[in-house]
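K.L.:
Give me a 3D structure for the following:
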Amino acid sequence: MKYFGTDGIRKENGFFSEDFLRRVSRAVMYFAVKQSGINPYNICAQKGGRSDTGDASTHEAACFSELRRVKTLIARDTRVSGNIIAKNLSDFLQTEGAAVINAGVIPTPAASYLGKKYDADLTIVISASHNGEEYNGLKFFYGSGEKFSVSDEATIEKLIDDTPPPLNFAQTDAEDLLFGGTEYCEDILKELQADLTNITVLLDLANGASLYTAPYLLRRAGAEVVVINEKGAINKDCGAVHPEMLRAECKERKINLGFAFDGDGDRCVCCLNGKILDGGALLYAIAKDFQSRGALTGNAVCGSILTNTGVENALSAMGIKLHRANVGDKNITQVLKAEGLKIGGEPSGHLIFADFLPTGDGSLTAFIAAAIYRRNGLKDAERVKLNSTTEKEIIVNKAQLLRFNNINYAKQKIEEVQQGFSGRIIVRPSGTEPVIRVFLEALTETECKVAAAKTVAVILKAIEGKPQKEILEGLKANGVAILDEDKTIIEDTVTVGKGTVIHEFTKLSGKTEIGANCQIYPFCDITDTVIGEGTTIHSLFSSGAKVGSGCTIGPFTCLRAGSIIGDGCRIGDFVEVKNSKLNDNVKAAHLAYIGDAVVGGGTNVGCGTVFANYNGKEKQQVIVGQNVFIGANTNLVAPLTVEDNAFIAAGSTVTKDVPENALCIARALQTHKEGRGNLTRK
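P.N.:
Numbers count the residues shown, from 1 in each chain. Below is the predicted model:
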């Protein structure tokens, strides 16, 4: 996806601009309202109010009785950038009419828990988890405390780009939740009632969101707690990402039990007697303890595809079944729900205790593990015999990652390596970083290293890309005509249909797909664009667009991200389309800007027409019906609806909705001053 990765949206700090956060706020508000089963725009229309414009208080009176405000809890970790992101997000959500609860700096799992406890419709955590200070991110949770599904993330992503009309509720004030972290800890203590007296625990807080909750939780249960990395750059050379610091500090201070968290506190790594435990081994020890106390539901747990086979064997010996999910704690949560289980976790340290919370929780994991340590020394975790593993990271750029994902060559060669290897090979591109991760597991370290070297070599060869001559020859062999190979650039991720003719000075890149029997004339630069069969293109710049069949595009046309052009359309010279859907047989022959619009089939967009979609603060939408005639030099000022078969006179500036089959004239009255023509020249 464009914005979402494995765990929410995660980008460099500069990505989270005011404009982006404003669009996120509108998107999640619209999504939450729709999730309630109510369409507020329809409600207002039924009550005789405007569905997308008008006074906010009037709109509020029409809708509020049938739609309570969307309650949103916002939390963050300790990143410097998180403070301004939280403020902007809170302000924009309030502007949209949300009831905002600002929880401040608390771990991600605490935010998930408190969102559910306070009946929030959704929770947003501002964090880039285990990444460095230069990154930040947004994690989204339902009112149930679970992370958004991939399908709902895709819906939010589309809404971010499409920018639906505002709900126009009156602005609200935010509420501050001052002691949310304490409340979360006290509820754990009340639920689990563990005694941690007479043990000493070292906590590496990674300079992150666990700085208050984890020490408080263990101290309240009676443990003596030693803390490191309370202040400083989040995750920098410390925490769960760098457990070697935890091990060194435990050794130096002669402390047998330690835990390291990541920046947002949903991960926990354990150091026991000077040894860093695999998260799977910790899962085994906890599962065995639960089983001994009759608390292991279904006599099964869930790990991930990366969980060591040694852990699976140890669990099996105890009669405990291991289910496997894809990487990511939300995938484990889905399996736990489907199988009716209560405990799951990953080798990285995300452990889930579904009776309390449906997401990974570092503080809760440390609390439960410390309680087991006090009972039996957590010895079962040390007894797990793990297979040898090797992990590699291949840093890639966008084009290389695209090649890996779209070319079968790499997958075939990896399968060949696997056939000669007794262990497991798992290759997965990161959802948040520009890397391809390679994981191998076998009985011996030597086997792992040999197979890892072969696998990495295969991947490196695949992402290099084919030579240009080889790409062009391959296309020609499949029936594509390339008129000047020396003046044509086509990446190996592009597909072109049979019978298409590509002229000189053409560049095709990314995930571009050209249909059969197209004509691509000179001076085209086309990226990540789908073009249907039989379409003719002249001098086009396009990125992230989709063009139907039988269209004529150009010359000097610009199609920007989110543009969808239907079949049989004519988009002519100096026309720019952005984030708009033009249905079949629309004609915009010259000199037009169409932004954030839906244009019905058969509509004519006259020369010089501008869809005025930006009011200086936010993007708004124009909706044009079928078979509308828009005269030359027309301005359509959003938000606006023009219904079917309307006729808009040339030179009009349209600010009010146009009814079906109406003639719209919106221009100043022409007057003549007789005999004044010569005077104006003196």
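
K.L.:
Which parts of the stretch 451-600 of the chain are helices?
P.N.:
Applying DSSP state H, counting those that start in this stretch to the stretch 451-600 of the chain gives helices spanning 468-477.

K.L.:
Check the stretch 1-150 of the chain too.
P.N.:
18-35, 40-46, 56-63, 80-95, 108-117, 150-162.

K.L.:
Most tightly packed of these?
P.N.:
Mean neighbour count (mean count of other CB atoms under 10 Å) peaks for helix 108-117 among the helices of the stretch 1-150 of the chain, with a mean of 27. All C-beta spots, glycine's among them, are computed from the backbone N, C-alpha and C.

K.L.:
Just the CA trace of it, in PDB.
P.N.:
C-alpha atoms of helix 108-117 as PDB (Å, rounded to 0.1, in the frame of the first residue of the first chain):
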ATOM      1  CA  THR A 108       0.900   1.400  22.700                       C
ATOM      2  CA  PRO A 109      -0.800  -1.500  24.600                       C
ATOM      3  CA  ALA A 110      -1.900   0.900  27.400                       C
ATOM      4  CA  ALA A 111      -3.500   3.100  24.800                       C
ATOM      5  CA  SER A 112      -5.300   0.100  23.200                       C
ATOM      6  CA  TYR A 113      -6.500  -0.900  26.700                       C
ATOM      7  CA  LEU A 114      -7.700   2.600  27.700                       C
ATOM      8  CA  GLY A 115      -9.400   3.100  24.400                       C
ATOM      9  CA  LYS A 116     -11.500   0.100  25.000                       C
ATOM     10  CA  LYS A 117     -12.100   1.000  28.700                       C
END
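
K.L.:
which helices and strands sit right next to that helix?
P.N.:
strand 71-76, strand 99-105, strand 122-126, strand 135-142, helix 180-192, helix 362-376 (3 or more CB pairs under 8 Å, 6 or more residues apart in numbering; DSSP states H and E).

K.L.:
pLDDT on that helix, on average?
P.N.:
Across helix 108-117, the average pLDDT comes to 97.

K.L.:
Kindly report the same for stretch 287-307.
P.N.:
When pLDDT is averaged along stretch 287-307, the result is 96.

K.L.:
which residues are contacting that stretch?
P.N.:
Applying CB atoms under 8 Å, 6 or more residues apart in numbering, the contact partners of stretch 287-307 are 280, 283, 311-312, 315, 318-328, 331-332, 335-336, 339-348, 372, 375-376, 380, 426, 439.

K.L.:
Got a quick ChimeraX command for the buried subset of those residues?
P.N.:
Filtering the contacts of stretch 287-307 down to the buried ones (16 or more other CB atoms under 10 Å) takes a single ChimeraX command:
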select :280,283,311,312,315,320,322,323,325,327,328,331,332,335,336,339,341,342,343,344,345,346,347,348,372,380,426,439
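
K.L.:
What about the contacts of stretch 287-307, which are in helices?
P.N.:
280, 283, 311-312, 315, 331-332, 335-336, 339, 372, 375-376, 380 (DSSP state H).

K.L.:
quick revisit: compare the helices of the stretch 1-150 of the chain and say which comes out lowest on pLDDT.
P.N.:
Per-segment mean pLDDT for these reaches its minimum on helix 56-63, at a mean of 40.

K.L.:
Save the ones in helices among the contacts of stretch 287-307 as TSV, and put in distance to Leu472 and pLDDT too.
P.N.:
TSV is the format used below for the ones in helices among the contacts of stretch 287-307 (distance: CB to CB, whole Å; pLDDT from 0 to 100):
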residue	distance to Leu472	pLDDT
Gly280	49	94
Leu283	52	97
Val311	50	97
Glu312	49	97
Leu315	54	97
Asn331	41	93
Ile332	46	95
Val335	46	96
Leu336	51	96
Glu339	51	96
Ile372	63	97
Arg375	69	94
Asn376	67	94
Asp380	61	94
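
K.L.:
Can you verify my assumption that Asn256 contacts Cys270?
P.N.:
No: between Asn256 and Cys270 there is no contact under CB atoms under 8 Å: 11.0 Å.

K.L.:
More neighbours: which of the two?
P.N.:
Under the criterion of other CB atoms under 10 Å, the comparison of Asn256 against Cys270 puts Cys270 first, with 28 against 16.

K.L.:
Enumerate every residue touching Glu464.
P.N.:
Gln400.

K.L.:
how close does it get to Ile394?
P.N.:
As judged by CB to CB, to the nearest Å, Glu464 and Ile394 stand 12 Å apart.
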